[in-house]
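> dropping a prediction and its sequence here:
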Amino acid sequence: MLPSKEEIEKLVHEQIAQNEKLGHSSGGSGHLGCVSYTLDKIDEPTQTKTAWEVHYHYTIVVETEFTYYPDNPPYETPHSGVLILKKEA
């Protein structure tokens with residue numbers, strides 16, 4: 001049975017947190033930075049013979065102490081991933 005949308009979203013958040021280096025950090029020069037993400041989209045699950053595949057899209061946001069709008073916005077990079085949910089036997 002397929003988990004609910006809320007459960008899938010929670011699993012996607014956990015997967016992103018596990019795969020990315022999130023949080024506050026300090027670079028070699030001692031300047032402060034913060035890496036976070038925004039979840040852009042979770043596609044509808046697709047069914048295979050043995051599992052459900054959930055494709056998701058998110059953006060990594062890197063802010064520093066020098067980040068300010070509009071002249072020096074945060075560095076943003078789009079990413080995507082796939083969550084495999086095995087079917088119960």
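Happy to help now that I have it. Residues are numbered from 1 along each chain as shown.
> can you pull out the strands in the protein?
Ranges of strands in the chain, per DSSP state E, are 23-26, 32-42, 46-47, 51-64, 75-86.
> most packed of those strands?
Stretch with highest mean neighbour count among the strands of the chain: strand 51-64 (a mean of 17; mean count of other Cβ atoms under 10 Å). Quick note: C-beta positions are derived from backbone N, CA and C, even for glycine.
> low-confidence bits of this structure, can you list those?
Along the chain, the model assigns pLDDT under 70 to residues 89.
> contacting residues around the residue most central in space within it?
Nearest residue to the geometric centre of the chain (Cα atoms, centre = their mean): Ile16, 4.1 Å. For Ile16, the contacting residues are 37, 39, 56, 58, 81, by Cβ atoms under 8 Å, 6 or more residues apart in numbering.
> now flag whichever of these is closest to Lys21.
Using Cβ to Cβ, the shortest approach to Lys21 within the contacts of Ile16 belongs to Tyr37, at 10.8 Å.
> surely the closest one meets Lys21?
No - at 10.8 Å, Tyr37 and Lys21 do not qualify as touching, with contact defined as Cβ atoms under 8 Å.
> can you lay out the strands of the chain as TSV showing distance to Lys10?
Written out in TSV, the entries for the strands of the chain read as follows (distance: least, Cβ to Cβ, whole Å):
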stretch	distance to Lys10
strand 23-26	19
strand 32-42	11
strand 46-47	19
strand 51-64	12
strand 75-86	11
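> and Glu7, which of these is closest to it?
Taking Cβ to Cβ as the criterion, Glu7 comes closest to strand 75-86 out of these, the separation being 9.5 Å.
> gap between that closest one and the chain center?
6 Å (Cα atoms, centre = their mean, to the nearest Å).
> may I have the strands that pair with that strand, each with its orientation?
Strand pairing for strand 75-86, determined by DSSP bridges: strand 51-64 (antiparallel).
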